[in-house]
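> A structural model of the following input is requested.
(chains A and B)
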Amino acid sequence: MSDIQLPNSGKSPADEPDAGRTPVRFRNPGLPAHRHRQADVDPRAAKRAERQVLAMLGLSAVGSIFFIVAYFAFPLDGTFATLQVSNISLGLGLGAGIFFIGTAAVHLAKTLMPDTEMFDERHPQRGTEAERTDAAAIMVQGGQESGLGRRPFILGGLVGAAALAPLPAVVLLRDLGPAPGDALAHTLWDEGVRLALDPSAEPILASDVTIGSVFHVIPENLYESDHFLDEKAKAAVLLMRVDPDVVDVREDRAGWDVDGIYAYSKICTHVGCPVALYEQQTHHLLCPCHQSTFDLTQHCKVIFGPAKRALPQLPISVDDEGYLVAQSDFLEPPGPSYWERG
Amino acid sequence: MSTTGTNAYTPTSRTARLSAGAADYLDERIGAARLVKGFARKVFPDHWSFMLGEVALYSFIILLISGTFLTLFYVPSMTLVEYEGSYAPMYGVTMSEAYASSLNLSFDIRGGLLMRQVHHWSALIFVAAIVVHMLRVFFTGAFRKPREFNWVLGVVLAVLALAEGFTGYSLPDDLLSGNGLRIIEGVILAIPVVGTYIVFFLFGGEFPGESIIPRLYILHVFVLPGLILAVIALHLALVVAHKHTQYPGPGRTNDNVVGFPLLPVYAAKAGGFFFIVFGVIILISGLVSINAIWNYGPYDPSPISAGTQPDWYIGFVDGLLRLMPGQPEFTIAGFTLSLNVFLPSLVVPGLMVVALLAYPFLEQWVTGDKREHHLLDRPRNAPVRTGIGVMAIVSYCVMWAAAGNDLMAIAFGLSINDLTWLLRFAFFVLPPVAFVVTKRICLSLQRKDRELALHGHETGRVVRTADGEYFEVHEPLSETERWVLVQHEAYRPLAIPPKKHEDGRKVPAHERLRANLSNFFFEDRVEPVTPRELEAARHHGDHEAIEQPEGREAERRELGSSV
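Numbering: from 1, shown residues only, chains lettered A, B, ... in the order given. As a prediction, the model looks like this:
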């Protein structure tokens, strides 16, 4: 390698004409002399290594047997105590059974198999000139024999047909799911739908919501839905009551709350985690996934984090029996943003 | 051909006769002799860092073994059932069959929890080993010609491994895995134009629907592992075709490979190492609990726990999602463009993959070096590449740390908002700092190598000459010791061409770009000691300062002040 010209040769001391007999670059001194291991020269050391390998194989056998015994000796009954005993002993047994085979093999290789290093020659990936010429000739001949060069219509037809052939496979996937339509914009909330506790679906009396309290809420009719998880993923609501004076006045939302009881979508407008943490003192809502922070006193506007939009508010009122009900659906789609959302 | 071989060798014992017979049978049917002759004594160089790729390969095999066991009991269905297994706190709870069968695997199948934990631990180790293996390949320049394609295959494997990990994470259908899917839904929804459609096709309708688990299942147990196996086969076939790289050292050249033969030494070591990796993973799985799916219950879109974390390898995307401020979401002509989600979750990771794929080709274009390289670089001898690598590690770590900003804020009693702002700045400030510092350290190490090669080891013996001069005696290096320090080449930067040739023709922009990049890479460099420099050093006496060849000292001063 000492003769190789540096690829980006600027002026280099190595390229200058040689002053004396000193070589331009150092020579590779070759492999250092082989040093024998103890087991190579001392039969007792070799014997010791042999015994060590055997001992490891013995430990492996012990481990495997221990695993089998433990499997039958430690039944499970659904408690963590039995689960722990079983898992630890099965893990130790099987682990030892396998691990010590490995150490035995490696120890054998390192102490008792020859450790003299060997050489292999490398050959460049590039073929010889003759091979390359032959290969090129074969390709050209193959191209000519195929006749496609002389019959361009067949080639064109082939390319066209081959390009079209995968399209049925794409079409075939069409029924993977329905078109979105406006499904994401609608939830179970509607005029008169009662706000109910998550997960019991018991309706909530407005009088039970004291200042400072917070409720996880679902529509009362959630479990009547065929796909209640799909509906819950859009309709989950967080209900909080604060002193109405701390909340900024917004004329367009007058009458959306019930005497300081506010209902907001619980689904984060970032990527859809539940905004489940409510700080009572600051009136902040925090999404535990990516820490988007919403301020209840500013109608759940984003005050920190990666979300852009405020949490949609659910307009609520009280029905004849004193239960909280929705005035309508959300007036904008809840949850993460999507292209057609507008 | 093979019969001459068997004729020449006359077996004596009964065992020898039997194996000779078997060998003859195989050779006449599948050409075993040629295979054995071609491969069995193939030489593999030995170095601990070459085991990193092995760890990745072996953890994949362990994933196949443990995963097969799990499929015997796991039910990939989102049909709702009432749990009736033996874990009392969940008794009677409505949950998907997927989650119920995962609970059964943990509580009612003996060894089931162990296998679940083996599977999860080896998945974490699989991705970790791939990453560390890639770092080794990057920092030693093992991606250089002729191995560029194998680097590309490696990047493909890393991406497939992430996909495989994520699909698996979602299968138990517990609260955490469902929340992970919810985030993926949000991320896909943010893709402009087609996002909503992709979500509806992927989930078979609205999130979560009833199709996603069986669909992820077939990807996880069939499509992705099949692809990974195929790419691994190609990856290893190319390793065999190229022969393994080796570190520089006495006797090791670009035209040879020095090490141990496949049979018996390498087979015993590598085979043994498989059992060691397998054994260690089982021991960890027996002793350290992971993904306790019974803690939070079945998936429900409403509850969540604070401090949720994805598996480590998805952490950097999660961290980017946390770092990105929300402002860049726009409504244009009635459509929503959610760059606050699309950029960090898809665009940046996509660019990272493109950068990984492109690097070997970029470096080759800059150096113009079209030779085959089988001797590895010592990272210090490629200061800019090493700097780029460390810069990448640091930016990755900032993103990764951001995924734990809530936990760090709690642990250190910090405001999470301040910490997030700190990490946002760190994302832009730390990587360039890391680059400069790493490059300077590399150059310093190279200078240290030069000093060592020229002067030898310090002995601590201080001698006074008759003239009253004091000096420390240096012990010269042995030839083999010196070789490692002087064997490499230092590229020189291209001269930056003027904007126009003398005859008025314009110099193409790509030529100027290449020259500029070449200067970025190689302007600061330390050349290895030449025999003549060593001779000069000896001539002046071991204790004296070595004069650089003409012009070099000036250059070094200049370099020292240039950064």
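> What parts of the stretch 201-342 of chain A come near chain B?
Neighbours of chain B within the stretch 201-342 of chain A, by C-beta under 8 Å from any C-beta of the partner chain: A:216, A:218, A:227, A:229-230, A:232-234, A:236, A:266-268, A:270-274, A:276-277, A:288-293, A:302, A:304-309, A:335-342. Quick note: C-beta positions are derived from backbone N, CA and C, even for glycine.
> Now, of these, which are buried?
When those are checked for burial by 16 or more other C-beta atoms under 10 Å in any protein chain shown, the buried set is A:216, A:218, A:229-230, A:232-234, A:236, A:266-268, A:270-274, A:276-277, A:288-293, A:302, A:304-309, A:335-341.
> And the residue of the stretch 51-200 of chain A that's closest to chain B?
Of all residues in the stretch 51-200 of chain A, A:G91 sits closest to chain B, at 1.3 Å by C-beta to the nearest C-beta.
> Pull the number of nearby residues for that residue.
25 (other C-beta atoms under 10 Å in any protein chain shown).
> now B:L262
So B:L262, with other C-beta under 10 Å, has 16 neighbours.
> which residue packs closest to it, ignoring adjacent ones?
B:K42 (4.8 Å; C-beta to C-beta, 6 or more residues apart in numbering or on different chains).
> For the closest residue to A:E121 other than its chain neighbours, give me its contacts.
Spatially, and ignoring its direct neighbours in sequence, A:E121 is nearest to B:N256 (6.0 Å; C-beta to C-beta, 6+ apart). Counting by C-beta atoms under 8 Å, 6 or more residues apart in numbering or on different chains, B:N256 touches A:F119, A:D120, A:E121, A:R122.
> how about CSV for these, with pLDDT, secondary structure and neighbour count added?
Putting the contacts of B:N256 into CSV (pLDDT from 0 to 100; DSSP: H, G, I helix; E, B strand; the rest coil; neighbours: other C-beta atoms under 10 Å in any protein chain shown) gives the following:
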residue, pLDDT, secondary structure, neighbour count
A:F119, 89, strand, 15
A:D120, 91, strand, 17
A:E121, 93, strand, 9
A:R122, 93, coil, 16
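> Adding distance to B:F143, write these out as CSV.
Listed next are those as CSV, based on distance: C-beta to C-beta, whole Å:
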residue, distance to B:F143
A:F119, 25
A:D120, 22
A:E121, 23
A:R122, 17
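> isn't the residue nearest to B:L262 right next to B:V240, touching?
Yes. Shown here, B:K42 and B:V240 form a contact pair, counting by C-beta atoms under 8 Å, at 7.5 Å.
> For these two, work out which one has more neighbours and name it.
Neighbours per residue, other C-beta under 10 Å: of B:K42 and B:V240, the larger number sits with B:K42, 18 against 11.
> Going by neighbour count, which residues in the top strand by length along chain B are buried?
Looking across chain B with DSSP state E, the single longest strand is strand B:457-464. Within strand B:457-464, no residue counts as buried by 16+ other C-beta under 10 Å.
> what about the helices in the stretch 301-450 of chain B?
B:315-323, B:339-342, B:348-367, B:383-402, B:405-412, B:416-455 (DSSP state H, counting those that start in this stretch).
> could the ones you listed be laid out in a markdown table, adding distance to B:V55?
Below are the helices of the stretch 301-450 of chain B laid out as a markdown table (distance: least, C-beta to C-beta, whole Å):
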| stretch | distance to B:V55 |
| --- | --- |
| helix B:315-323 | 20 |
| helix B:339-342 | 35 |
| helix B:348-367 | 20 |
| helix B:383-402 | 19 |
| helix B:405-412 | 28 |
| helix B:416-455 | 25 |
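> who's in contact with A:L108?
Contacts of A:L108 (C-beta under 8 Å, 6+ apart): A:A49, A:V53, B:A268, B:G272.
> which strands and helices sit next to the host helix or strand of the last one?
In other words, B:G272. In the assignment (DSSP states H and E), B:G272 maps to helix B:267-287. Applying 3 or more C-beta pairs under 8 Å, 6 or more residues apart in numbering or on different chains; DSSP states H and E, we find helix B:267-287 packed against helix A:80-111, helix B:51-71, helix B:112-139.
> Please identify the most buried of those helices.
Mean neighbour counts were compared across those using mean count of other C-beta atoms under 10 Å in any protein chain shown; the top stretch is helix B:112-139, at a mean of 22.
> After that helix, which helix or strand is next?
Helix B:112-139 is succeeded, C-terminally, by helix B:148-170 (DSSP H and E).
> In three-state terms, label the residue nearest the centre of chain A for me.
The C-alpha lying nearest the average C-alpha coordinate of chain A belongs to A:C289 (C-alpha atoms, centre = their mean; 14.2 Å). What DSSP: H, G, I helix; E, B strand; the rest coil gives for A:C289 is coil.
> So is stretch A:51-70 next to chain B?
No. Stretch A:51-70 stays clear of chain B (C-beta under 8 Å from any C-beta), getting no nearer than 8.6 Å.
> tell me the mean pLDDT over that stretch?
Averaged over stretch A:51-70, pLDDT sits at 98.
> Mind listing what's buried along it?
In stretch A:51-70, counting by 16+ other C-beta under 10 Å, buried: A:Q52, A:V53, A:M56, A:L57, A:L59, A:S60, A:G63, A:S64, A:F66, A:F67, A:A70.
> Ok, stretch B:209-220 next?
B:G209, B:E210, B:S211, B:I212, B:I213, B:P214, B:R215, B:L216, B:Y217, B:L219, B:H220.
> what does stretch A:218-228 give?
In stretch A:218-228, counting by 16+ other C-beta under 10 Å, buried: A:I218, A:P219, A:E220, A:N221, A:L222, A:F228.
> Check stretch B:506-515 too.
B:R512, B:R514, B:A515.
> Also within reach of chain A: list those from the residues you listed.
Near chain A, judged by C-beta under 8 Å from any C-beta, there are no entries from those.
> Inside helices: which ones of the buried residues of stretch A:51-70?
Among the buried residues of stretch A:51-70, the ones falling in helices (DSSP state H) are A:Q52, A:V53, A:M56, A:L57, A:L59, A:S60, A:G63, A:S64, A:F66, A:F67, A:A70.
> roughly how far apart are the residue nearest to the centre of chain A and A:L277?
The gap separating A:C289 from A:L277 is 11 Å, by C-beta to C-beta, to the nearest Å.
> Briefly note if stretch B:427-441 comes near chain A.
No. Shown here: stretch B:427-441 not in contact with chain A (C-beta under 8 Å from any C-beta), separated by at least 13.6 Å.
> can you list contacts of that stretch?
Contacts for stretch B:427-441 (C-beta under 8 Å, 6+ apart): B:323, B:380, B:383-384, B:386-395, B:398-399, B:402, B:524, B:563.
> Which of these are buried? Put it as a PyMOL command.
The buried residues among the contacts of stretch B:427-441 can be selected in PyMOL (16+ other C-beta under 10 Å) with this line:
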select buried, chain B and resi 323+380+383+384+386+387+388+389+390+391+392+393+394+395+398+399+402+524
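> Of the contacts of stretch B:427-441, which fall within the contact range of chain A?
B:L323.
> Which SSE is immediately downstream of the longest strand of chain B?
According to DSSP H and E, the helix or strand after strand B:457-464 is strand B:470-475.
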